[in-house]
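Asks: Here is my input; please provide its structure:
(one chain, ligands or ions: 1)
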Amino acid sequence: MVTFKSLGLNAQLLKAVEKLGFENPTEIQTKVIPLLLEQSKDLVALAQTGTGKTAAFGFPMLQKINTEQHNTQGLIIAPTRELCLQITTEMNSYASELKKINIVAVYGGANISEQAKKLKRGAQIVVATPGRLKDMIKRKMVNISAIQYCVLDEADEMLNMGFYEDIKDILTHTPNDKDSWLFSATMPHEVSIIAKKFMHQPHEVTVGTKNSGAKNINHHYYTVAARERYQTLKALLGLHSDLFGCVFCRTKIETQKVADRLTDEGYKAAALHGDLSQNQRDAVMQSFRKKKIQLLIATDVAARGIDVDDLTHVIHYNIPDEVEIYTHRSGRTGRAGKTGTSILFATKSDQRKIRLIENKIQTKIIEQQLPAPEEILKHKVAHWVSQIKSTPLRSELLPFVPDAVKGLEELDKSLLVELLLSRDFKEVDFRENYNSAEGRKEKKYDREERVINAPEDKDRFFINIGARDQYDWKTLKDFVRSYLNLDRDDVFQVEVMKNFSFFSTHKKHRKHVLNAFEDLVLDDRKVIVEETKKGKTYSPKFFSKKNKKKRR
Ligand code: AMP
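Replies: As a prediction, this is how the structure comes out:
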């Protein structure tokens, strides 16, 4: 069996491996570590993030540098500030048993003289983003003229972001005889140019198939109409209560909109896009890493280099235009031996694109159907139950328990649970249409007609306002209740159809309801409220005829 020891790591690094709890080397580590330890050679490694590639170049670099000397011997260039900081943290954890080692991160958006001060103390390894590094070279704040090892990490991302010229420039300040190790998830033309131009007969290592998604990712898709995306996302959140993931949107506006809607509805979500300041981005990422945020809604550009382990899901809110983007997004889940799921929202006309992605990643993307809304609600309730059961007990509350028990004494257990459920699921719209077979049926019904059965002790009313006026049952209930100056529970059984709606009140309010709306005009349309007749069929035709008559 391959062990870190058999790969040739020294005792100090093995101790760090043990402390980190790494049991076995990953594929890239098995292939790369002995190679880099034994030979002085250039390397091109095709490996996705999450394969353990940082350790694959990190351990050999740490073993080879001379900690007795203070000059910069190793340089690691990475596309983003986030990745730069992550590599630095990882490298420091691998170096935890080494004495006299100094690893310094230099990146944009932070105080340059602070970074220069740290470098002055002597940094054997510098981890840098291209722009800031170039700037510091120009200002003579960093000296990379004697480096022996140079890593270009996520080379494809760096070139994607337009760093080609910067990298070319940086490399001219490094010695010719250094070892260059290039890591990239994919091998676009530009990366091979860099390899040809700046490397000497590099050794090539590939983990998995070129340009393919990692093996431990399940690929799924849902066929959705454009307007169903949000509801589908919410249904998925209901189905997978412990989902911790990233939703990729096409534009900044869409990203912000989805995040705002989710937060408004009580989900722990946040947007990450280019319009945020660096501080805002940092705050979002910190909360996400600490799992205070369950869902990160991001644009592709903003999410570059983001490296958060344990993502259970990656959701493609829209199908990406390029297969490479799909692979990049999906590669953020299923990392370090864990299994993840990539979910694609596709419209009917996206089928051809799906086949294209399947061909490239050589994996089938399996179509899924959402279960009925009741099934999703069942999951939510099960999650609610398990959350209650796993709530940590607070002993300070113990003295108040007897009184609370007494106060609830007359309620039997199932009534008590019903009350708690009603309180905690107040916001759930039981008529919400998910993108399920049932949902579709319901929608059809909604569009066509509704037969009325008025309850005996209550009055049921028709009102010519509906979903097309941007109302749902909650907002309509609020509107009717406040307009009539009634209490919260006085208006009930609110049902919103596309063109019209129904609501009930107690018989005693009948006159008030019928009189109150007499003169109300909304958006140039006379509001019609009338008592429904038992057994009568209401349909859009009825609505338009009525409307015309009243307008005249
Ligand atoms: P990377 O591909 O370098 O971004 O690594 C992804 C994650 O895997 C990091 O959090 C590493 O700490 C972790 N990791 C790297 N090597 C191993 C290993 N051999 N066993 C378990 N986890 C690892």
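
Asks: Tell me the secondary structure at Arg332.
Replies: coil (DSSP: H, G, I helix; E, B strand; the rest coil).

Asks: which residues touch it?
Replies: 49-50, 246, 303, 306, 308, 311, 314 (CB atoms under 8 Å, 6 or more residues apart in numbering). Yep, even glycine has a C-beta here, placed from its N, CA and C like the rest.

Asks: How about Gly340?
Replies: Contacts of Gly340 by CB under 8 Å, 6+ apart are 216-218, 311-314, 330, 333-334.

Asks: So how do I select the buried members of those in ChimeraX?
Replies: To isolate the buried ones among the contacts of Gly340 in ChimeraX, judged by 16 or more other CB atoms under 10 Å, type:
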select :217,218,311,312,313,314,330,333,334
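
Asks: What is the neighbour count of Arg486?
Replies: To be clear, residue 486 is Leu; Arg isn't right here. Counted by other CB atoms under 10 Å, the residues lying close to Leu486 total 17.

Asks: Kindly apply the preceding question to Asn24 instead.
Replies: Asn24 sits with 11 neighbouring residues when counted by other CB under 10 Å.

Asks: cool, Ala346 as well?
Replies: Counted with other CB under 10 Å, Ala346 comes out at 19.

Asks: quick one, phi psi at it?
Replies: phi -130, psi 150 (degrees, to the nearest 10).

Asks: Could you dump the contacts of Arg332 into CSV and include secondary structure?
Replies: Output for those, formatted as CSV (three-state DSSP):
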residue, secondary structure
Thr49, coil
Gly50, coil
Cys246, strand
Ala303, coil
Ile306, coil
Val308, coil
Leu311, coil
Val314, strand
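
Asks: Including distance to the ligand and pLDDT, could these go into CSV?
Replies: Formatted as CSV, those follow (distance: CB to the nearest ligand atom, whole Å; pLDDT from 0 to 100):
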residue, distance to the ligand, pLDDT
Thr49, 5, 75
Gly50, 5, 76
Cys246, 15, 95
Ala303, 15, 79
Ile306, 11, 68
Val308, 9, 76
Leu311, 12, 87
Val314, 15, 94
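
Asks: Would you write a ChimeraX line that selects the buried entries of those residues?
Replies: A single ChimeraX command selects the buried members of these (16+ other CB under 10 Å):
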select :49,50,246,303,306,308,311,314
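
Asks: List just the nearest of the contacts of Arg332 to Lys19.
Replies: Nearest to Lys19 among the contacts of Arg332: Gly50, at 21.0 Å, using CB to CB.

Asks: And the contacts of Gly340, which is the shakiest by pLDDT?
Replies: Least confident of these in the model: Gly334, at 78.

Asks: correct me, but that residue touches Asp309?
Replies: No: distance between Gly334 and Asp309: 10.5 Å, which falls outside the contact criterion (CB atoms under 8 Å).

Asks: Mind listing the shared neighbours of these two?
Replies: With CB under 8 Å, 6+ apart, Gly334 and Asp309 have common neighbours Gly50.

Asks: Quick check: residues of the stretch 1-150 of the chain near the ligand?
Replies: Within the stretch 1-150 of the chain, the positions near the ligand by CB under 6 Å from any ligand atom are 22, 25-26, 29, 49-55, 90.

Asks: Show only the entries of those found in strands.
Replies: If you go by DSSP state E, those have nothing in strands.

Asks: Can you tell me which of those are buried?
Replies: Using 16+ other CB under 10 Å, the buried ones in those are 22, 25-26, 29, 49-55, 90.

Asks: Tell me which residue of the stretch 351-500 of the chain lies closest to the ligand.
Replies: Residue nearest to the ligand within the stretch 351-500 of the chain (CB to the nearest ligand atom): Ile361, separated by 18.6 Å.

Asks: That residue and Glu324 touch, don't they?
Replies: No: here Ile361 does not reach Glu324: they are 10.4 Å apart, not a contact under CB under 8 Å.

Asks: In the stretch 351-500 of the chain, where is pLDDT below threshold?
Replies: Scanning the stretch 351-500 of the chain for pLDDT under 70 picks out 427-456.

Asks: mind running it again at 50?
Replies: By pLDDT under 50, the low-scoring segments of the stretch 351-500 of the chain are 431, 433-449, 451-452, 454.

Asks: Run through the strands of it in chain order.
Replies: 366-367, 450-451, 458-463, 492-496 (DSSP state E, counting those that start in this stretch).

Asks: As JSON lines, those strands with mean neighbour count would be great.
Replies: Formatted as JSON lines, the strands of the stretch 351-500 of the chain follow (neighbours: other CB atoms under 10 Å):
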{"stretch": "strand 366-367", "mean neighbour count": "12"}
{"stretch": "strand 450-451", "mean neighbour count": "14"}
{"stretch": "strand 458-463", "mean neighbour count": "20"}
{"stretch": "strand 492-496", "mean neighbour count": "18"}
